[in-house]
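Asker: The sequence isn't on hand, but the structure is:
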């Protein structure tokens, strides 16, 4: 890996990369499909079962989380493995404000979003100086540490026994709005985060992030303030993720540190979704998030004992055969009329 | 004072075991730039195999350890050769995800086969203790500590004095150059991963013997400790892993005396982040390789 030739492996050949070549926004028909799906989902809940609305709400939440990671991991190339810190922070901000300060949900939500962004700023200033694995591990360490702090601050957070949002009865600060409301909230979050990513992808800022991904020194030499761009990307990612966490906490009513700060569910799963869908693309993480969240729910229902086992196998197969994501492989299939799976394996194997 | 001394001794013993858990993880990370999230799963599998050998055939865990390590060496070799080698050159998060998928698969296979019950191996020696004045040293943990130190020293000797060990080191320093002088990198990578899996499995057998209980759910914790220790010690640095393990064990034991609940873990993570930011090459100084681009 020390040879300069091998270093380039980290950034895939230019023609294949989502960053250059193709238009950043994706194809018009993909957008049309996404818009049609969005419209359908806005009208649909009337004809959906209550339990299915709940499943769909989870699916949308994961799509938003995948987009949140996409901003920092996919575009900027900084693989954050501490997204669950933002998720848990957002959730606990809402839960503590509602349960202890007796706020209602709606003013708590923006506070949670701001906290997510501020925490990203605070953590990002030292940690974004690290790269690669070191960045991944440092963010993971921050998140795990935050979980331990939250579990041990019993007076504020309720500790390991969890905290319950006052959502029912006379003491409720905001009445529990029901599954349909959360369906709409998460759907809106998924759409808004995709639109944010779309705006980023077409903006000067987005090009700066991609430049950092491909060659950070080169980007700095081109006059990009890399520190500011990276930090901004991390803050956007943190804000999206903490919004999802805030909604999740209200939806679950009772949250526990071990549940809401789960690294496998709220960090690794979204990363898998973004990677398999296509990092650094606009619609890839959305598609990957929806597809994998559905798959996960379906497996959970039909193979109760073995669903995680099967899911692990699917992740491995996906990583090996779709290392650049479904979005990019679909592009290769369409433009070159051949299946790129073996090509993908050949590119990254030893 | 005696409480403090007791905590220190127990912390050192525990730290030796941590070091044995982490040393393979550190090796794989240092040589191949792979963060193996399935490492804790190997430890758990080692523990269960040792338990199974004891229950089914009455084989003592100290003997069973050899069998378990040999089995996991073969498994690790095949996993690297057939799976991980396929994505070695991909962006780093791909290897993270691949090993994460592997971890899910392995841990849930163990859960499915062996259930989530807490288990323990009991022998006629691991419940007794050696009493030195006011300090009590449990034999089980003492033996595990001794095994950990011996295996770590053997690894150092292997890396420094055998052709294979030197080939592993040179492949880690510069894979391109190593291949130019005729080293089969695919094979060497697989051997490295096999060694790491074997060491993890041996550590698992010791965990099964020395710790009060173990269960499949411990896998994630073992992996996290390995992270912390590898970073503390410097990647691929065997002595560093040993030192990092002992430091972590003692700090946790001391913290346990003065801190409530699980705040000890928060300190471990805080130390991890601090070391990463201030001294990414580890506490013991230079990492195993310096020329590597990713470390910059």
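Answerer: Received, thanks. Everything numeric in this text was worked out from a predicted model, so none of it was measured.

Asker: Please make it C-alpha for all contacts and neighbour counts, starting now.
Answerer: OK.

Asker: in the stretch 151-296 of chain B, what residue is nearest chain A?
Answerer: Closest residue of the stretch 151-296 of chain B to chain A, C-alpha to the nearest C-alpha: residue B:266 (4.5 Å).

Asker: Chain neighbours aside, what residue packs nearest to that residue?
Answerer: Excluding its sequence neighbours, the residue lying closest to residue B:266 (C-alpha to C-alpha, 6 or more residues apart in numbering or on different chains) is residue A:145, at 4.5 Å.

Asker: Quick check, pLDDT for the one you found.
Answerer: Predicted confidence (pLDDT) for residue A:145: 88.

Asker: continuing past the helix or strand where it lies, what's the next helix or strand?
Answerer: Using DSSP states H and E, residue A:145 falls within helix A:132-152. Downstream of helix A:132-152, the first helix or strand assigned by DSSP H and E is helix A:154-157.

Asker: The residue of the stretch 151-296 of chain B closest to chain A contacts residue A:143, doesn't it?
Answerer: No: in this structure, residue B:266 is not within contact of residue A:143 by C-alpha atoms under 8 Å, at 9.8 Å.

Asker: quick one: contacts for the residue nearest to residue B:266?
Answerer: By C-alpha atoms under 8 Å, 6 or more residues apart in numbering or on different chains, the contact list for residue A:145 reads B:265-267, B:269-270.

Asker: Quickly note the distance from residue B:7 to residue B:144.
Answerer: Note on residue B:7: its distance to residue B:144, by C-alpha to C-alpha, to the nearest Å, is 17 Å.

Asker: ok, now residue A:143?
Answerer: Taken as C-alpha to C-alpha, the span from residue A:143 to residue B:144 is 32 Å.

Asker: Output the contacts of residue A:145 as JSON lines; include the columns pLDDT and secondary structure.
Answerer: Below are the contacts of residue A:145 laid out as JSON lines (pLDDT from 0 to 100; DSSP: H, G, I helix; E, B strand; the rest coil):
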{"residue": "B:265", "pLDDT": "75", "secondary structure": "helix"}
{"residue": "B:266", "pLDDT": "79", "secondary structure": "helix"}
{"residue": "B:267", "pLDDT": "75", "secondary structure": "helix"}
{"residue": "B:269", "pLDDT": "79", "secondary structure": "helix"}
{"residue": "B:270", "pLDDT": "80", "secondary structure": "helix"}
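
Asker: out of these, what pair is the most spread apart?
Answerer: B:265 and B:270 (8.5 Å; C-alpha to C-alpha).

Asker: Let me see the ranges of the helices in the stretch 101-250 of chain B.
Answerer: For the stretch 101-250 of chain B, the helices defined by DSSP state H, counting those that start in this stretch cover B:139-161, B:163-173, B:175-180, B:185-210, B:219-233, B:238-258.

Asker: right, and these - which one's nearest residue A:168?
Answerer: Short answer: helix B:219-233, nearest of those by C-alpha to C-alpha, at 36.2 Å.

Asker: neighbouring contacts of the closest one?
Answerer: Contacts of helix B:219-233 (C-alpha under 8 Å, 6+ apart): A:137, B:18-19, B:21-23, B:25-26, B:37-41, B:43-44, B:107, B:236-237, B:239-245, B:248, B:268-269, B:272, B:275-276, B:280-284.

Asker: Show me the shaky parts of the chain.
Answerer: Since you didn't name a chain, this refers to chain A. Regions of chain A meeting the criterion pLDDT under 70 cover residues A:1-27, A:45-48.

Asker: could you do chain B instead?
Answerer: In chain B (pLDDT under 70), the answer is B:1, B:126, B:261, B:280-296.

Asker: rerun that using 80 as the cut-off
Answerer: Within chain B, the stretches with pLDDT under 80 are B:1-2, B:91-93, B:115-134, B:212, B:234-236, B:258-269, B:271-272, B:275-296.

Asker: mind checking the longest helix of it?
Answerer: helix B:2-32 (DSSP state H).

Asker: near chain A at all, that helix?
Answerer: No: shown here: helix B:2-32 not in contact with chain A (C-alpha under 8 Å from any C-alpha of the partner chain), separated by at least 9.0 Å.

Asker: The very next helix or strand once past that helix vs helix B:2-32, what angle?
Answerer: Where DSSP H and E defines the elements, the next helix or strand beyond helix B:2-32 is helix B:39-57. On the basis of axes from the mean of the first three to the mean of the last three C-alpha atoms, to 10 degrees, helix B:39-57 is oriented at 110 degrees to helix B:2-32.

Asker: ok so, going back, tell me which of residue B:7 and residue B:144 has more neighbours.
Answerer: Higher neighbour count among residue B:7 and residue B:144: residue B:144, with 27 against 22, using other C-alpha atoms under 10 Å in any protein chain shown.

Asker: Excluding sequence neighbours, find me the nearest residue to that one.
Answerer: Residue B:144 sits nearest to residue B:206 (C-alpha to C-alpha, 6+ apart), 5.4 Å away.

Asker: I'd say residue B:31 and residue B:166 touch.
Answerer: No: using C-alpha under 8 Å, residue B:31 is not in contact with residue B:166, being 11.5 Å away.

Asker: and these two? which has more neighbours close in?
Answerer: Taking other C-alpha under 10 Å, residue B:31 and residue B:166 do not tie; residue B:31 has more neighbours (25 against 14).

Asker: That one and chain A, how far apart?
Answerer: Using C-alpha to the nearest C-alpha, to the nearest Å, we find residue B:31 at a distance of 10 Å from chain A.

Asker: Next, the contact list for that residue, please.
Answerer: B:168-169, B:171-173, B:192, B:236.

Asker: Only the buried residues of the one helix or strand residue A:121 maps to, if you could.
Answerer: Element membership for residue A:121 (DSSP H and E) is helix A:105-127. Going by neighbour count (16 or more other C-alpha atoms under 10 Å in any protein chain shown), the buried part of helix A:105-127 is A:105, A:108-121, A:123-124, A:127.

Asker: ok, the residue nearest to the spatial centre of chain B to residue B:28 distance?
Answerer: Centre of chain B computed as the mean C-alpha position; nearest residue by C-alpha atoms, centre = their mean is residue B:21, 2.1 Å away. As judged by C-alpha to C-alpha, residue B:21 and residue B:28 stand 12 Å apart.

Asker: re earlier: quick check: of the contacts of residue A:145, which lies closest to residue A:348?
Answerer: For those, the nearest to residue A:348 is residue B:269 (32.4 Å; C-alpha to C-alpha).

Asker: For the closest one, grab the count of nearby residues.
Answerer: So residue B:269, with other C-alpha under 10 Å, has 25 neighbours.

Asker: what's near enough to touch it?
Answerer: Here residue B:269 is in contact with A:141-142, A:144-145, B:228 (C-alpha under 8 Å, 6+ apart).

Asker: could those residues go into TSV alongside distance to residue B:258?
Answerer: Converted to TSV, the contacts of residue B:269 look like this (distance: C-alpha to C-alpha, whole Å):
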residue	distance to residue B:258
A:141	22
A:142	22
A:144	21
A:145	18
B:228	21
